[in-house]
Every structure is written in C-alpha cells, then in structure tokens.
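**Q** Give the three-dimensional model of this entry:
(one chain, ligands or ions: 1)
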Amino acid sequence: MTTPTVGVFALQGDVREHLRVLESLGVHAVGVRRSSELDACDALVLPGGESTTMAKLARTFDLFEPIRRRIATGMPVLGTCAGMILLGDRIADGAPGQETFGGLDATVRRNAFGRQVDSFEGDLRFAGMADPVHAVFIRAPWVEDPGPSVEVLARVAEGPAAGRIVAVRQGSVLATSFHPEWGGDDRVHRLLVDQIRDSTQE
Ligand code: GLN
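**A** Residues are numbered from 1 along each chain as shown. Model prediction:
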C-alpha cells in the first residue's frame, strides 16, 4: 500500500504536535487549509483549539461542506477536544448557532468539566489498550447520550467526573476529550492510521 496522507485541520488550533506524532508513525502528514488539500487526504485530524472559531474559519475558507461530506462518506477522522465538539451531531452548552461537521451520534458537552476546571491530567483505561493512557484535559468536553452505534473507549476513572465518557468510536469516527498528541504516547493516533488501512482493504 502507498503511504497514506493524513491531514490536520490547520486554520486554527493545536496543529504542530499532531503533525509530529503522525510523521513518527510513517504517514505523510499535512496541514489542511483548503479543500484541494483535503482532497489529497486519506484521513483527517481535527485538533484542539476553539471549536466556534474553527467552524467559522472552515466556512470562510470553503472547507466546511467538504469536511462534512468526507466525514459523512466514511473518511477516517480523529477529533481531539475542540475536534470532538466539531464531530458531535448535537452539542450542549455551545455558542448560539454553533455549527458542527457531525458524524458522531452523541451530544458533546462543551467545557463540560466546568469553566473553573481549566485543565487536569489523569490516567485512563482505554478499550483495547494494555496500559493506561495518560490524558491531558484542557477546558475539555465530554460525551453524553451516545447512540447505539457509538462504542465507548474510555471514561474518567475518579473524582467528581468519574464515569464520564471521554473517548468514543463510531465506525471511522474517533474522538477524545483529551489531547493524545501530548505526552509521547502515539497509541490513539495509531488507531486512526489503522482505520485507514481497514477502510482501504474493504
Ligand atoms: N473549550 C474549547 C472549545 O469549546 C475546546 C478546548 C480545547 O480544544 N482545548 O472549543
């Protein structure tokens, strides 16, 4: 198989670390700012950032509909933090009129851990992984009311948010509340790359 190309939405957000992790996995990693760049991608990462700004910029740069369409037609996608919000079919506590690309049959609650809880870290048991994932949360969302085809991959282990859903998969859509691009652990990105291999073999 030729080297897959994985894009990182690059109009706003935390792009560089994702590119670095993807490159270390041997894929061709590119920033995506226009639809011609998206066309060349086999998969896409929607990074952390500010989900309202990211959606507005995607509209301004004519990327919104192309991304929505590619996700709807099965392109593997990983959304982290703000990226998870952008994948929600429904959002809670969104800005008025806030748009999402959709793809994940769930409600994603924005700033779910409370505005005063700016950031925290913790170890999570993650479905299919032998060792826990060290997760960094920054004004993070969580997932509520997942539909029947949504697989829960990780929940918060302890504290006031114990049991809250922070990683999910629905077909080729993967989303985490936390930032897997930080901390030297490439296992979540590997899931995305594996998804490309699976979807091109079918
Ligand atoms: N709270 C941000 C938003 O609503 C997400 C924060 C992040 O991506 N680190 O978009």
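
**Q** Stretch 38-53: end-to-end distance?
**A** Stretch 38-53 has an end-to-end distance of 19 Å (Cα to Cα, to the nearest Å).

**Q** Identify each buried residue in stretch 28-35, please.
**A** Residues of stretch 28-35 classed as buried: 29, 30, 32, 33, 35 (neighbour count, 16 or more other Cβ atoms under 10 Å). To be clear about C-beta, it is placed using only N, CA and C from the backbone, and glycine gets the same treatment.

**Q** what sits against the residue sitting nearest the centre point of the chain?
**A** Nearest residue to the geometric centre of the chain (Cα atoms, centre = their mean): residue 79, 0.9 Å. Applying Cβ atoms under 8 Å, 6 or more residues apart in numbering, we find residue 79 in contact with 45, 46, 85, 86, 87, 104, 173, 174, 175, 176.

**Q** Strand partners (parallel or antiparallel) of whatever helix or strand it lives in?
**A** Using DSSP states H and E, residue 79 sits within strand 77-80. In the sheet, strand 77-80 lines up against strand 43-46 (parallel), strand 173-176 (parallel) (DSSP bridges).

**Q** Could I get the buried residue list for that strand?
**A** 77, 78, 79, 80.

**Q** Could you pull out the strands in the chain for me?
**A** 5-9, 28-32, 43-46, 77-80, 88-92, 104-109, 119-124, 133-138, 142-144, 151-155, 165-170, 173-176 (DSSP state E).

**Q** Which one of these lies nearest to the ligand?
**A** strand 133-138 (4.0 Å; Cβ to the nearest ligand atom).

**Q** residues making contact with the closest one?
**A** 48, 81, 113, 118-124, 126, 154, 166, 176-180, 182-183, 185, 187-188.

**Q** what lines up beside that strand in the sheet?
**A** According to DSSP bridges, strand 133-138 has these partners: strand 119-124 (antiparallel).
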